[in-house]
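**Student:** give the three-dimensional model of this entry:
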Amino acid sequence: MASNYFEKILFLDIETVPAVGDFKELPDRLQHLWSDKVEKTRARMPDRYAENDSIGDIYMKDAAIFAEFGKVVCISVGYIYNMMGEQHFKLKSFYNDDEYVLLHEFASLLNNWDKPDRTLCGHNIKEFDVPYVARRMLIKGIQLPNILNIAGKKPWEVQFLDTLELWKFGDFKNFTSLNLLTAVFDIPTPKDDIDGSMVGSVYYETGDLKRIATYCEKDVVATAQVFLKIKGMEIIKEECIEFGE
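**Tutor:** Here you go, the predicted structure:
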């Protein structure tokens, strides 16, 4: 497979947190709608939450996965390039307490980068990352970049590659985590001090966005390495990976 094929892919991952650090800080209308959502979930899946979990506890635990109740705090991207006949990988992160600034900067990147033969790639990108970012952009009043604005596009015009979908080979029964794929492909991953479930607490307890960005970038690297393995290619050497500053 031609090396320039990989150079037309922008790998990405996002990190999200609850929109506010305390359920009581939500506007009354959203508090009511969240409470209604939780009660319906409890009726449908009674084992999902513990009996003593309050609405506020559940908000801090689950709100980050819903674009209507959460926000994006970091988007990391990376791309493959060839230098001296060897594959290299360069990363950049967008992170900010002001979500509008973060999303606006990311939208500008996509508008400048987008061409018909270029694609976005992520793990579960079609079900989570892309719809989440697009919804948050609309909520914040940011015009969608063309690559994210898929309304009316034919399936072959949608410029997304999803490593989860590629790994399924048409099987819709199971979700395979990125962590599991790195394990089965024996892709080395650094031991981190946080995981995805801790991002919200790190953000609201310490405000350490750089720490979150570092974690996010490592997931982007893992996604790129898994993609290369799925395509039957060698992974990128650790010394050829350039993390964001």
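
**Student:** and for residue 13, the neighbour number?
**Tutor:** The local packing of residue 13 (other CB atoms under 10 Å) involves 27 other residues. Bear in mind the C-beta positions are built from the backbone N, C-alpha and C, glycine included.

**Student:** which ones are touching it?
**Tutor:** Shown in contact with residue 13 (CB atoms under 8 Å, 6 or more residues apart in numbering): 75, 76, 122, 123, 129, 216, 217, 219, 220, 223.

**Student:** please save the CA atoms from the lengthiest helix in the chain in PDB.
**Tutor:** For the chain, the helix with the greatest residue count under DSSP state H is helix 209-230. The C-alpha coordinates for helix 209-230 follow below in PDB (Å, rounded to 0.1, in the frame of the first residue of the first chain):
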ATOM      1  CA  LEU A 209      -5.500  20.000  31.000                       C
ATOM      2  CA  LYS A 210      -1.900  19.200  29.900                       C
ATOM      3  CA  ARG A 211      -2.100  15.900  31.800                       C
ATOM      4  CA  ILE A 212      -5.400  15.100  30.000                       C
ATOM      5  CA  ALA A 213      -3.900  16.100  26.600                       C
ATOM      6  CA  THR A 214      -1.000  13.700  27.200                       C
ATOM      7  CA  TYR A 215      -3.400  10.900  27.900                       C
ATOM      8  CA  CYS A 216      -5.400  11.800  24.800                       C
ATOM      9  CA  GLU A 217      -2.400  11.900  22.500                       C
ATOM     10  CA  LYS A 218      -1.400   8.400  23.600                       C
ATOM     11  CA  ASP A 219      -4.800   7.100  22.500                       C
ATOM     12  CA  VAL A 220      -4.300   8.800  19.100                       C
ATOM     13  CA  VAL A 221      -0.900   7.000  18.800                       C
ATOM     14  CA  ALA A 222      -2.600   3.700  19.800                       C
ATOM     15  CA  THR A 223      -5.300   4.200  17.200                       C
ATOM     16  CA  ALA A 224      -2.800   4.900  14.400                       C
ATOM     17  CA  GLN A 225      -0.800   1.800  15.400                       C
ATOM     18  CA  VAL A 226      -3.900  -0.400  15.400                       C
ATOM     19  CA  PHE A 227      -4.900   1.000  12.000                       C
ATOM     20  CA  LEU A 228      -1.500   0.100  10.600                       C
ATOM     21  CA  LYS A 229      -1.800  -3.400  12.000                       C
ATOM     22  CA  ILE A 230      -5.200  -3.900  10.500                       C
END
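
**Student:** list the buried ones in it?
**Tutor:** 209, 211-229 (16 or more other CB atoms under 10 Å).

**Student:** can you list the domain ranges for this structure.
**Tutor:** In terms of domains, the chain is parsed into 3-16+72-242, 20-68 (source: automatic domain parsing).

**Student:** most tightly packed of those?
**Tutor:** domain 3-16+72-242 (a mean of 17; mean count of other CB atoms under 10 Å).

**Student:** off-centre distance for that one?
**Tutor:** Chain-centre distance of domain 3-16+72-242: 6 Å, with CA atoms, centre = their mean, to the nearest Å.

**Student:** partners of the lengthiest strand in the chain in the sheet?
**Tutor:** Scanning the chain for the strand with the most residues, using DSSP state E, yields strand 70-83. The strands beside strand 70-83 in its sheet (DSSP bridges) come out as strand 9-18 (antiparallel), strand 86-95 (antiparallel).

**Student:** just the angle between it and helix 209-230, please?
**Tutor:** 50 degrees (axes from the mean of the first three to the mean of the last three CA atoms, to 10 degrees).

**Student:** determine the set of other helices and strands touching the helix or strand of the chain with the lowest mean pLDDT.
**Tutor:** None of the helices or strands of the chain scores lower by mean pLDDT, DSSP states H and E than helix 3-6, at a mean of 78. Packing partners of helix 3-6 (3 or more CB pairs under 8 Å, 6 or more residues apart in numbering; DSSP states H and E): strand 70-83.
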